[in-house]
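Peer 1: got a predicted structure here, sequence first:
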Amino acid sequence: MNAISFDLVKTERFHNLKPYGKFTIKWKTRQRHLPRIIPFDELNFDSRNITPTTDEQDKLIIKFMKKNKTDILTDGYRFYTRIGAGFGEVYHKKLGLYKNDESFKSMVDS
């Protein structure tokens, strides 16, 4: 019986990502009511669309997020964050609320 093995590498280019609010994603939290906290179990994403990152890319992303005090980045249309050993598009109701509600936005950023 013949067999074949090979690796496929997914590549995606992310342009002009900017910080979005001062959101913090928490694995376990009792602070769900705080505007800036996004519980991980409420974060929407498709794990099939997560792009793997190298250690160097991951360090660069972490440094940028820490500098800007947020776990969410945007290209102006979609929202992104680190997930596991990768990076990908995410959504949560608070991200839309931040975009459309000035009072909520000021609570997140204060």
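Peer 2: Nice, I can see it.
Peer 1: hang on, Arg82 packs against Lys63?
Peer 2: No: Arg82 lies out of contact with Lys63 (C-beta atoms under 8 Å); the separation is 11.7 Å. From N, CA and C alone the C-beta is placed, and that goes for glycine too.
Peer 1: more neighbours, those two?
Peer 2: Using other C-beta atoms under 10 Å, the more surrounded residue of Arg82 and Lys63 is Arg82, with 19 against 10.
Peer 1: now do the same for that one: helix, strand or coil?
Peer 2: For Arg82, the secondary structure call by DSSP: H, G, I helix; E, B strand; the rest coil comes out as strand.
Peer 1: let me see the contact set for it.
Peer 2: Counting by C-beta atoms under 8 Å, 6 or more residues apart in numbering, Arg82 touches Thr53, Asp58, Ile61, Ile62, Met65, Asp71.
Peer 1: for ChimeraX, write a command that selects the buried ones of the residues you listed.
Peer 2: Buried members of those, defined by 16 or more other C-beta atoms under 10 Å, are picked up in ChimeraX with:
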select :53,61,65,71
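Peer 1: which ones among the contacts of Arg82 lie within helices?
Peer 2: Judged by DSSP state H, the subset of the contacts of Arg82 located in helices is Asp58, Ile61, Ile62, Met65.
Peer 1: and of these, the nearest to Tyr20?
Peer 2: Met65 (10.3 Å; C-beta to C-beta).
Peer 1: the helix or strand of the chain with the lowest mean pLDDT pairs with which strands?
Peer 2: Among the helices and strands of the chain, strand 51-52 carries the lowest confidence by mean pLDDT, DSSP states H and E, at a mean of 90. In the sheet, strand 51-52 lines up against strand 86-90 (antiparallel) (DSSP bridges).
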